[in-house]
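1. sequence? don't have it. structure:
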């Protein structure tokens, strides 16, 4: 009788051990299948603003589990260098299909350099920031009396090195129809840059 009990216990332990092994193998298989559902899509390295043309240093492939929403984002096999950003993409974000375009008329955009006093722009202004540019009268200015909004929602293309004179060169993207009015105000006013939050 005792031998029968021992055999039963051994058999039940063996069966339980086999069941746990099967469960563990099944779980590992499911995890492996789930991991294989991840896809490689493009992500932004830094902030990208409307009007900017994507360069190789702006993007990096990211492996993510997207399931059914994968079609809304750009696969890392898609060639997007040279395309134009049409809506703001924050640093680290996946790049949505709707955020870039190959059909934006680049002839309507102009890169305009601005020289701004270091005290008249936000700290750590970088490429991809969206800004408003204001013109304020210089002491001897006759053409501008009150502060005037020069351009709103402007994308920063590049912030150049600060000079020893205390000024900074900022390259911005303006629409073609904004350039002339901007240049008219730039010559006789002090520029203040306000970053959008």
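-> Nice, thanks for sending it over. Just so it is clear, the structure is predicted and the values come from calculations on it, not from any experiment.
2. Not counting its neighbours along the chain, what's nearest residue 157?
-> residue 171 (4.5 Å; Cβ to Cβ, 6 or more residues apart in numbering). All C-beta spots, glycine's among them, are computed from the backbone N, C-alpha and C.
3. The one you found and residue 59, how far apart?
-> 20 Å (Cβ to Cβ, to the nearest Å).
4. Those two: who's more crowded?
-> Neighbours were counted for residue 171 and for residue 59 using other Cβ atoms under 10 Å; residue 59 has more, 21 against 15.
5. pretty sure that one contacts residue 42?
-> Yes - look at residue 59 against residue 42 with Cβ atoms under 8 Å: they come within range, at 4.8 Å.
6. so what sits against both of those two?
-> Counting by Cβ atoms under 8 Å, 6 or more residues apart in numbering, the common neighbours of residue 59 and residue 42 are 80, 95.
7. how would you label residue 177: helix, strand or coil?
-> helix (DSSP: H, G, I helix; E, B strand; the rest coil).
8. got the buried residues for the longest strand belonging to the chain?
-> Using DSSP state E to define each element, the chain has its longest strand at strand 148-159. Neighbour counts using 16 or more other Cβ atoms under 10 Å place 150, 151, 154, 155, 156, 157, 159 of strand 148-159 among the buried residues.
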